[in-house]
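Asker: Dropping the sequence and predicted coords here.
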Amino acid sequence: MNWNKWIRQVHRWLSVAFTVTVVATFVALAQQEPIVWVSYVPLLPLALLLFSGLYLFALPYLAKWRGGRRPAPEA
């Protein structure tokens, strides 16, 4: 598996982890005596999602920049 596919797969699994942590946070905060520190749990997957998402967003621009401009084919 190449690097880009690996980052995409990690990004997908991070989104699943983020969703699970958000649901768990809602459940924990709905209790009679909520545990406040649980509200910080989704921040780690969210930060990792930010970095992997920014990388995936920049991929097409980096490929275009690395490829350079090619001269138009002459007819």
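Answerer: Cool, the structure landed.
Asker: At which residues are the helices of the chain located?
Answerer: Using DSSP state H, the helices of the chain run over 3-29, 43-67.
Asker: what's the least confident stretch among those helices?
Answerer: Looking at these, the lowest mean pLDDT belongs to helix 43-67 (a mean of 91).
Asker: Which parts of that helix count as buried, going by neighbours?
Answerer: By 16 or more other C-beta atoms under 10 Å, the buried positions in helix 43-67 come out as 45, 48, 49, 52. The way it works is simple: take the backbone N, C-alpha and C, and place the C-beta from them, glycine included.
Asker: Quick one, which of the helices of the chain gets closest to residue 36.
Answerer: Smallest distance to residue 36 across the helices of the chain (C-beta to C-beta): 8.0 Å, for helix 3-29.
Asker: returning to that earlier point: tabulate the helices of the chain (JSON lines), appending distance to residue 36.
Answerer: Output for the helices of the chain, formatted as JSON lines (distance: least, C-beta to C-beta, whole Å):
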{"stretch": "helix 3-29", "distance to residue 36": "8"}
{"stretch": "helix 43-67", "distance to residue 36": "13"}
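Asker: buried set for stretch 7-19?
Answerer: Buried, per 16+ other C-beta under 10 Å, within stretch 7-19: 7, 11, 14, 15, 17, 18.
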